[in-house]
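Give me a 3D structure for the following:
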Amino acid sequence: MGVQIKFLGGTREVGRVAILVGTEKTRVLLDYGVMLNHEPGFPIHVSPKDVDAIILGHGHLDHSGAIPIFYIHGRIPTYTSALTAELSQLLISDFIHLSSYYLPYEYLELKAMMKNIKPLNYGVKQEIGDMTIQLLNAGHIPGSAHVLIEAEGKRILYTGDFNIVETRLLEGSSMNYGELDAVIMESTYANEDHTERKQLEKKFVEAVTEVVENGGTVLVPAFSIGRAQEIACVLAAHHFEYPVYLDGMAREASRVMMNYPQFLRDPKLFMDAIHMTHWIEGWRDRRKATKKPGVIISPAGMLKGGPAAFYVSKIGKKSQNAIFLVSYQIPGTPGRELLDKGVCVIDGKVRKVKAKVEHFDFSSHCGASELREAVKRVKGNARFFVIHGANGNCELLADWINKEAGFEAVAPEAGDTFTI
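Sure thing, here's the model as predicted:
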């Protein structure tokens, strides 16, 4: 019968990623995420009794946020890296806290999910029924993984979110996995390239230093997992000498990562960077930090809540300060409004921000050139399934693969099933 791949979500969109891969005997679910709109959106339903195992590539909610649904009654094993398990617990717990009204599960289900986690190290083969799976470094956030499935004599690679570029925090993914029969691949940035990393770091550190040396405070709104630590590492690597503050969930995430140095490119740099930061412990610290020249790294990365929302109202009022956005800004978020219109909510009103606003493209995904380079590294006669891209990016990359790379590629829709 070959191997069946059914797409349940994350097709021609970014969010609610879920893919069911099955043989006659065994079915595994790759990710089961949510769509983060005003109310969470979920992938196509699949009954827990039809799934033998869940494999989670990384902890971001668009990949992990719906997994607890399987633990309302079920007891399915979830395979993931030990670091991803802890980070997803952190994110899902926060998600329940913020949107429990809309969620079909509670803390109890998250607890049951954590009990059923089977941690798996990179490169270790795990048998599930008549399939063998392996997790391999994806270079996206600490602990993130590609999933390599071997079944019925076929080899299928699910990239998850990935990056082949080395960063201060992580090694890039090698994409060197021998002959493959199918590749399920993300296409988030199929239409644009990122600034070259060394150049970007230099520009960022110079801009930060200039503001601080002129007596200003720089707010860096950053995702708690990955981006906040990356920025701390960049500042440490460039011997930044002024105070750096870390706030919000980024502190807890950093504490978790300190226990898993094996997932980091340069554990010493990471430890130095985290020890160099002052951890904000409460409102007194927060107010103090806004009054001193220095850098404040704080979630949320798109200014949707988190301590960053408080900092904007203080730091945004003064022209000697700066707000440097280092994460992707989804249209409609406060961060995107700030970037496009220079306005933000300050003291309950939408006001013009006086602080300098700039965007630095520290992405943890491949840009267009890297996506193409990753395709070129694939060996064998693989079929490509392009997912996880908005505004035509899935179709754009699939089209390029068909025409230029000599592979067959499709951008599937939700509900589509293929046999390999």
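
can you list the domain ranges for this structure.
4-192+364-419, 197-359 (automatic domain parsing).

helices and strands around the helix or strand containing residue 218, which ones?
Using DSSP states H and E, residue 218 sits within strand 217-221. If you count contacts as 3 or more Cβ pairs under 8 Å, 6 or more residues apart in numbering; DSSP states H and E, strand 217-221 packs onto helix 197-213, strand 294-298, helix 306-315, strand 322-325. Where you see a C-beta, it was placed from the backbone N, CA and C, and this is true even at glycine.

Can you show me the CA trace of the next helix or strand after the shortest one as PDB?
The one in question is strand 322-325. Next helix or strand after strand 322-325 toward the C-terminus (DSSP H and E): helix 334-341. Written as PDB, here are the backbone C-alpha positions of helix 334-341 (Å, rounded to 0.1, in the frame of the first residue of the first chain):
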ATOM      1  CA  PRO A 334       0.500  46.300  17.600                       C
ATOM      2  CA  GLY A 335       4.100  45.700  16.400                       C
ATOM      3  CA  ARG A 336       3.100  45.900  12.800                       C
ATOM      4  CA  GLU A 337       1.000  49.100  13.500                       C
ATOM      5  CA  LEU A 338       4.100  50.600  15.200                       C
ATOM      6  CA  LEU A 339       6.300  49.700  12.300                       C
ATOM      7  CA  ASP A 340       3.900  50.900   9.600                       C
ATOM      8  CA  LYS A 341       2.300  54.000  11.200                       C
END
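
Mind listing what's buried along helix 334-341?
For helix 334-341, a neighbour-count test (16 or more other Cβ atoms under 10 Å) marks 334-339 as buried.

Export those as TSV, with columns for distance to residue 211 and pLDDT.
Putting the buried residues of helix 334-341 into TSV (distance: Cβ to Cβ, whole Å; pLDDT from 0 to 100) gives the following:
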residue	distance to residue 211	pLDDT
334	21	93
335	19	94
336	22	94
337	22	94
338	16	95
339	17	95
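
And the furthest pair within these?
The most widely separated members of those are 334 and 339, with 9.7 Å between them, by Cβ to Cβ.

Tell me the span between the first and last residue of stretch 270-282.
Stretch 270-282 stretches 24 Å from its first residue to its last (Cα to Cα, to the nearest Å).

first vs last residue of stretch 41-54, how far apart are they?
Per Cα to Cα, the first residue of stretch 41-54 is 19 Å away from its last.

can you list contacts of it?
With Cβ atoms under 8 Å, 6 or more residues apart in numbering as the test, stretch 41-54 has contacts from 8-10, 15-18, 20, 26-29, 32-35, 66-67, 69-70, 72-74, 76-79, 104, 128-129, 414-415.

Pull out the buried members of those.
8-10, 15-18, 20, 26-29, 32-35, 66-67, 69-70, 74, 76, 78-79, 128, 414.

List the ones among these that fall in strands.
Mapping these onto strands (DSSP state E) picks out 8-9, 18, 20, 27-29, 32, 78-79, 128.

which stretches of the stretch 151-300 of the chain form strands?
In the stretch 151-300 of the chain, the strands defined using DSSP state E, counting those that start in this stretch lie at 154-158, 182-186, 217-221, 244-246, 278-279, 294-298.

can you list those in a markdown table and add distance to residue 86?
Shown next, in a markdown table, are the strands of the stretch 151-300 of the chain (distance: least, Cβ to Cβ, whole Å):
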| stretch | distance to residue 86 |
| --- | --- |
| strand 154-158 | 22 |
| strand 182-186 | 23 |
| strand 217-221 | 23 |
| strand 244-246 | 18 |
| strand 278-279 | 18 |
| strand 294-298 | 20 |
